[in-house]
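[1] Any chance you could fold what I've pasted below:
(3 chains)
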Amino acid sequence: MKERLIGFLLFLSALVSLASLAVITFFIFEAGLPLIFKVGLGTFLESSAWSPSGKNPQFGIASMILGSVWVTLGAIVVGVPLGLAVAIFSAELAPPRLAAIIRPVIQLLAGIPSVIYGFIGLTILAPLVRTTLGGPGLSVLTAALILGIMILPSIVSISEDALRAVPRAYREGALAVGATPWQTIWRVLVPAARSGIVASIILGMGRALGETMAVIMMLGNALQVPRSPLDSATTLTSNIGLELAYASGAHREALFATGVVLFVLIMVLNMLANVLTGRVVLWRTRLPVSRSIFARLRGRQPAGDRSGS
Amino acid sequence: MNRHQSQRAAYGCLWAAASITIVILAIIIMYVLLQGLPYLSLNFLFGRPEAQGREGGIMPAILGTLALGALSLIIAVPLGVGAAVFLTEYTRPSALTTMMRFGTDSLAGVPSIIFGLFGFIFFVTRLNLSWSLLAGSLTLALMVLPTLIRTAEEAIRAVPVSYREVSYGLGASRWQMVRTVVLPNALPGIVTGIILSFGRAVGETAAVIFTAGTALNIPTSVFSPTRTMAVHFYILAVEGISLPMAYATGAVLIVTILIINVAANLFISRGIARTVRR
Amino acid sequence: MSDIKIQIDHFSYTYGDEPPVLRNITLNVRRNSILTIFGPARGGKTTLLRSLNRLTDIDEPGKRQGRILLDGQDIYAPSVDVPSLRRRIGMVFALPVALPMSIFDNIAYGPRLQGVRSPSRLSDLVQFALEAAALWDEVRDRLDSSALALSGGQQQRLSIARVLALEPEVILLDEPTAALDPISTAKIEEALITLKSEYTIVIAPHNVQQAGRVADDAAFFLMGECVEAGPASQLFTVPRDRRTEDYITGRFG
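    Below you'll find the model as predicted:
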């Protein structure tokens, strides 16, 4: 009897995340969809006129979508090469001592609050951009550079796992036919780990797209379509973050409608990544404790360990 | 460029990337610490803020952060560990567990501003909790749930199968087996997950600001609104209230995060030390 | 009281689509005797032992046919409480497993699960079990230290003691000396022979020699079938089946 009850309670706990996902989806859509229907999906997405209060309110989020796209792509341009390089470095050539430093470094980068990143962008990078390159400083470029660092942990940890999972025979085979170590990495290992690497990039995009507070602090929040990386802009998230506190009525509905668009985009990205890698990956974007740590907990080496190769 | 030169160049880039990453982290931490430490004092840590935080201390924000983190974990840890136990010990892979995992994975990918929107419309407005410790904690609990479930699952799976066999073989019921063998041995991993989740609660802003509010007072009940350190820091910096105070708050925030990460790693190496003796 | 403790009646076991692991086994286990189930690897010995105390329940689910009776009661009847069944039929595994707790707690683990709380009763049980498993003299001074520090042979006797503390009726041993040195093996075999006056023992031995040394009855298993069963003295000297003879004389396996 007691056993049954405990089993049932555990079952309920396991159901909570699925249920909350459903409830979250329902309430965001319930609060946001009416406005999208009223304004029309086309107008909502394609118009860049946003004047949510006043007599003739206008709800068009095109400039925010473009702001999000710019910032996200910028973050990818910065974060992917750096992240992939770090992943390759720690999976393939870091001496054990250095690898032991890199792992906590990545973990810490993931742990630093986004407001701190935003603050760094605001107080160090933005003035630097303003004085050296011109423009307002608080700009797409500034945000992209910092977001590129913020998404590093996702990219590094997932790509590194993918690289480590490549069977050792691949490495040995390539080296045996006379490839240099770098050729082995670039022509054999990276292609073999491709789906994991792509997934890490997609999840990095998701993080950049969803980031809010740091973006508010760095982007200048001008309601305009950015024409250059030095322009200030607004994103889907930063607009919600800035206006939710005081919005009411149709304005608030419009912010939830913006949330619907964001939610759909993120879910598409998540599912893409999910399909690419099997399911082990998503939760780790927020928890870059490398799987190898758990392998060590089990008292054995992680798969694809380099020892001896 | 021949292949040996390209080998050299490529490895040079990899070393550079790794060094840059380490340097960036060092810059972030050092900058916030060096700018903030001069303004730190006991008065700042234990005092009440004055003039919206322009002067005085951040005691309410520290307490608010601790209360919010603790309450969200009190809500989320039983659910997370319970879910992990269910998925590992009480069921075999099926359509249902696939759905449950999908839910967890997707929840992990939901950005915090969406949690903020949801917490605002559901907990704050619909359930009429208004901006409160409880609304913020419930929102945060959902946010950290995937992390808790997954770390607990990993830790539970790392418990040797032979322990389970011995326990069942000695006549343990399923729950007795879980309670006496699985949970004690998975504890270091579970605690690591809890510490890291606390870290996320401490650093979170977007989901907290719209659910727990921004009130700068010491919370007296779970229904009081509160302001966390991260939110306080954000408001000081963005609204230009006081840069020195922002630096000082940032320093406290960073030190907290450092302590949390070191603690999490300590627990993991403890766990390893324990298993190695086996 | 019948002389038969366990009656295995036309028992078969199959995992998924694979060929049966056990085919139509019919075998009796006499009360207070040692039955040895021997044969080459993958013969179904482990599955049979695990079926006897329903540890197969926690494996990948398989398909079962036939019956196993303990004192005339079907152990797979729906009314059977599996944990109490496993307390009546204890199991010792091939690899020694010390739970990561003190020696005392390892032995007291089973009784505590049953709700035994009294410290004096627990320490009596612990001493009794350790003495019966021939481990008492080696650990009496360090009952509170970690069981993980024991040697492999000691850990295996600890595993036996852990089962004895349940005061079971039947003890199953699956290659209990597979991971041990000859001296530890001898100690365990000695302990087993003393134990049979009180318990019914089924053992899948590590090798034929061990089977010959400890057994009253023997059953030869090959590819999931029970080829031949009977008194050990007869089966090891004048086997009826050619395959048994080949195996005993070392022609295969």
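
[2] which non-adjacent residue is nearest the closest residue to chain A within chain B?
    Of all residues in chain B, the one sitting closest to chain A is B:P111 (2.5 Å; CB to the nearest CB). Using the backbone N, CA and C atoms, a C-beta is placed for each residue, glycine as well. Distances taken as CB to CB, 6 or more residues apart in numbering or on different chains place A:G210 nearest to B:P111, at 2.5 Å, with adjacent residues excluded.

[3] dump the residue contacts of that neighbour.
    A:T237, A:L262, A:I266, B:V110, B:P111, B:S112, B:I113, B:I114 (CB atoms under 8 Å, 6 or more residues apart in numbering or on different chains).

[4] List phi and psi for it.
    Phi and psi for A:G210, reported as degrees, to the nearest 10, are phi -90, psi -10.

[5] Which stretches in the stretch 101-250 of chain B count as helices?
    B:112-119, B:133-157, B:161-169, B:174-177, B:183-203, B:206-209, B:229-238, B:243-276 (DSSP state H, counting those that start in this stretch).

[6] among the contacts of A:G210, who's most crowded?
    With neighbours defined as other CB atoms under 10 Å in any protein chain shown, the most crowded of the contacts of A:G210 is A:T237; it has 30 neighbours.

[7] if you skip the residues just before and after it, what's nearest to that one?
    A:T212 is the one closest to A:T237 (CB to CB, 6+ apart), at 4.1 Å.

[8] what about that neighbour, how many neighbours?
    27.

[9] Which pLDDT value belongs to it?
    pLDDT, A:T212: 94.

[10] My guess is it contacts A:N239. True?
    No: the pair A:T212 / A:N239 is not scored as a contact, 9.6 Å apart, by CB atoms under 8 Å.

[11] List the buried residues of the helix or strand of chain C with the lowest mean pLDDT.
    Least confident helix or strand of chain C, by mean pLDDT, DSSP states H and E, is helix C:208-214 with a mean of 82. Across helix C:208-214, burial judged by 16 or more other CB atoms under 10 Å in any protein chain shown covers C:V208, C:Q210, C:A211, C:G212, C:R213, C:V214.

[12] Torsion angles phi and psi at A:Y246?
    Dihedral angles (degrees, to the nearest 10) for A:Y246: phi -120, psi 0.

[13] C:G90 now?
    According to degrees, to the nearest 10, C:G90 has phi -80, psi 150.

[14] go on, C:D174?
    phi -100, psi 100.

[15] and what of the one 4 residues further on?
    According to degrees, to the nearest 10, the main-chain angles of C:A178 amount to phi -60, psi -40.

[16] tell me which parts of the stretch 1-150 of chain B are close to chain C?
    B:R92 (CB under 8 Å from any CB of the partner chain).

[17] rerun that using 10 Å as the cut-off
    Contact residues (CB under 10 Å from any CB of the partner chain) of the stretch 1-150 of chain B with chain C: B:E89, B:R92.

[18] Show me where the stretch 1-150 of chain B has its strands.
    Remark: strands assigned in the stretch 1-150 of chain B by DSSP state E, counting those that start in this stretch are B:49-50, B:55-56.

[19] Indicate which one of those strands is closest to C:P78.
    Closest to C:P78 of the strands of the stretch 1-150 of chain B is strand B:49-50 (CB to CB; 66.9 Å).

[20] before we move on, the earlier item: buried deepest among the strands of the stretch 1-150 of chain B, which one?
    strand B:49-50 (a mean of 18; mean count of other CB atoms under 10 Å in any protein chain shown).

[21] residue ranges with poor pLDDT in the chain?
    Because you didn't say which chain, this covers chain A. For chain A, the stretches with pLDDT under 70 are A:278-309.

[22] ah, I was thinking of chain C
    Using pLDDT under 70, chain C drops low at C:1, C:251-253.

[23] Torsion angles phi and psi at the residue nearest the centre of it?
    With distances taken as CA atoms, centre = their mean, the residue of chain C nearest its centroid is C:L172 (1.5 Å). Here the main-chain torsion angles of C:L172 (degrees, to the nearest 10) amount to phi -100, psi 130.

[24] Verify the contact between it and C:L70 for me.
    No: between C:L172 and C:L70 there is no contact under CB atoms under 10 Å: 11.9 Å.

[25] Just the closest residue of chain C to chain A, please.
    C:P83 (9.4 Å).

[26] Give me the nearest residue to that residue, chain neighbours excluded.
    C:P83 sits nearest to B:G171 (CB to CB, 6+ apart), 4.5 Å away.

[27] list the contacts for the one you found?
    B:177, C:53, C:81-90, C:109-111, C:113-114, C:163, C:166, C:168 (CB atoms under 10 Å, 6 or more residues apart in numbering or on different chains).

[28] can you check B:F123 too?
    With CB under 10 Å, 6+ apart, B:F123 has these contacts: A:27, B:129-132, B:134-139, B:142, B:210-212.

[29] out of the residues you listed, which are buried?
    A:27, B:129, B:131-132, B:134-139, B:142, B:210-212.

[30] Tell me the one of those residues nearest C:S102?
    B:S137 (39.0 Å).
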